[in-house]
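1. Okay, predicted coordinates and the sequence, questions at the end:
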Amino acid sequence: MKQNLVMGTCLISCILTAQDRGTRNVPGNGVIDMPGEYVLVNDASLRSHGAAILVTASNVTLNLNGRNIVGPGGRNGAGILIRGVNGVNVFNGFVTNHAFGVIIENCTNVRLTDLQIRGEGLAVAAPPPETGIMIVQSRNVVIEHNAIYNTGLGIFVRGSRSWGNRIANNTLTGGTNALLGICYNPAETDPNGPRGDLVHANLVSGFNVGVQMSQTSPANVIKGNTIAFRITAIDLHNMTNLDVENAKIQLP
């Protein structure tokens with residue numbers, strides 16, 4: 001009897017644990033503030049906190065489930081904002097018509113894959129332009145196998161606390177007002193830029209400048225990319241950055 005009771009208790013405990021580990025729907029307010037696995041079951045739009053989905057918890061896996069995160073246009077808001085966390089994985093969805101498709105801010109160990117991010121191709125009246133993905137003061141970030149189209153700036157990396165990131169195997173295609181494919185710069189209140197990143201095997205096409213590194217962004221490796229540019233393929237203001245085996249062709 002005692003053995004059966006123990007086994008029954010164990011079975012109940014295991015069932016509860018399995019339920020606790022189950023996938024949850026993204027909350028109605030768009031805020032993910034607890035660890036776990038989440039799925040987006042309906043299309044999402046901009047919320048009052050300035051993003052359609054806001055992630056403030058570590059150890060989160062977010063499956064966008066092929067759904068659309070639709071912005072209001074006019075360079076307003078963010079599709080996804082990931083802020084101050086560790087261990088976040090976002091994949092499999094569409095993000096359209098925001099000022100920023102995805103922002104990763106003060107984070108470590110974040111991964112974005114299989115996202116399709118699209119802008120409106122707006123003229124750049126004042127910086128920053130429409131941006132596909134922005135990484136600010138974040139480390140060990142992987143941006144891989146994403147498609148970014150019709151934004152003024154494809155991928156923007158900022159601040160000296162950004163380092164050890166990998167930007168690889170993405171397709172970035174500019175429209176009429178495409179300025180910069182991949183850009184490295186200082187951040188607000190921080191005069192120094194990112195360092196020690198790998199920018200590898202991306203297709204960057206249709207931007208005025210394919211890849212640009214600021215004077216204060218040292219020791220990054222730009223390797224094996226294909227860059228079809230309008231004005232400049234790779235603009236390295238700091239010569240500690242490496243331009244290695246990149247294919248470059250100027251568009252007519």
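-> Everything's here; your move.

2. Show me the helices in this protein, by range?
-> Assigned by DSSP state H, the chain shows helices spanning 2-20.

3. Any regions of it where pLDDT drops low?
-> 1-21 (pLDDT under 70).

4. how near is the residue positioned nearest the centre of the chain to V244?
-> Centroid-nearest residue in the chain: I133, 4.3 Å away (criterion: Cα atoms, centre = their mean). Distance of I133 to V244, given as Cβ to Cβ, to the nearest Å: 23 Å. No exception for glycine: its C-beta is placed from N, CA and C like everyone else's.

5. Counting neighbours, which bits of stretch 48-57 end up buried?
-> For stretch 48-57, burial by neighbour count (16 or more other Cβ atoms under 10 Å) applies to A51, A52, I53, L54, V55, A57.

6. farthest-separated two in those?
-> A52 and A57 (16.6 Å; Cβ to Cβ).

7. I'd like a version of the buried residues of stretch 48-57 in CSV, one that adds distance to L251 as further columns.
-> Listed next are the buried residues of stretch 48-57 as CSV, based on distance: Cβ to Cβ, whole Å:
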residue, distance to L251
A51, 34
A52, 33
I53, 35
L54, 38
V55, 37
A57, 43
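
8. Just the ones in strands from those, please.
-> In this view, these that belong to strands under DSSP state E are A51, A52, I53, L54, V55.

9. hmm, back to that, and the residue nearest to the centre of the chain, what is it in contact with?
-> Contacts for I133 (Cβ atoms under 8 Å, 6 or more residues apart in numbering) come out as 100-104, 112, 117, 143, 146, 148, 154-156.

10. If we use 7 Å, what do you get?
-> G101, V102, L112, I117, I143, I148, I155 (Cβ atoms under 7 Å, 6 or more residues apart in numbering).

11. P191 too?
-> Going by Cβ under 7 Å, 6+ apart, P191 touches T216.

12. Same check on the one 10 residues further on?
-> By Cβ under 7 Å, 6+ apart, the contact list for A201 reads A168, N169, G224, N225.

13. again, only this time at 8 Å
-> Applying Cβ under 8 Å, 6+ apart, the residues near A201 are A168, N169, K223, G224, N225.

14. Distance check, the fourth one against V199.
-> Taking Cβ to Cβ as the criterion, G224 is separated from V199 by 9 Å.

15. For these two, indicate the residue with more neighbours.
-> Taking neighbours as other Cβ atoms under 10 Å, G224 and V199 compare with V199 leading, 28 against 16.

16. From what I see, L81 and C107 are in contact.
-> No. Assessed by Cβ atoms under 8 Å, L81 is found out of contact with C107, at 10.5 Å.

17. Distance from stretch 75-91 to the middle of the chain?
-> 7 Å (Cα atoms, centre = their mean, to the nearest Å).

18. Using neighbour counts, pick out the buried residues of it.
-> For stretch 75-91, burial by neighbour count (16+ other Cβ under 10 Å) applies to 75, 77-82, 85, 87-91.

19. for L153, what are its contacts?
-> Counted by Cβ under 8 Å, 6+ apart, L153 has contacts P128, P129, E130, T131, G132, L179, L180, G181, C183.

20. what pairs with it across the strands?
-> On the basis of DSSP bridges, L153 is bridged to T131, L180.

21. Distance across stretch 107-126, terminal residue to terminal residue?
-> End-to-end distance for stretch 107-126: 27 Å, by Cα to Cα, to the nearest Å.

22. And that stretch, how far out from the chain middle?
-> 6 Å.

23. Could I get the buried residue list for that stretch?
-> 107-112, 115-122.

24. Give the full set of residues in contact with A99.
-> G71, R75, N76, G77, A78, P128, E130, T131.
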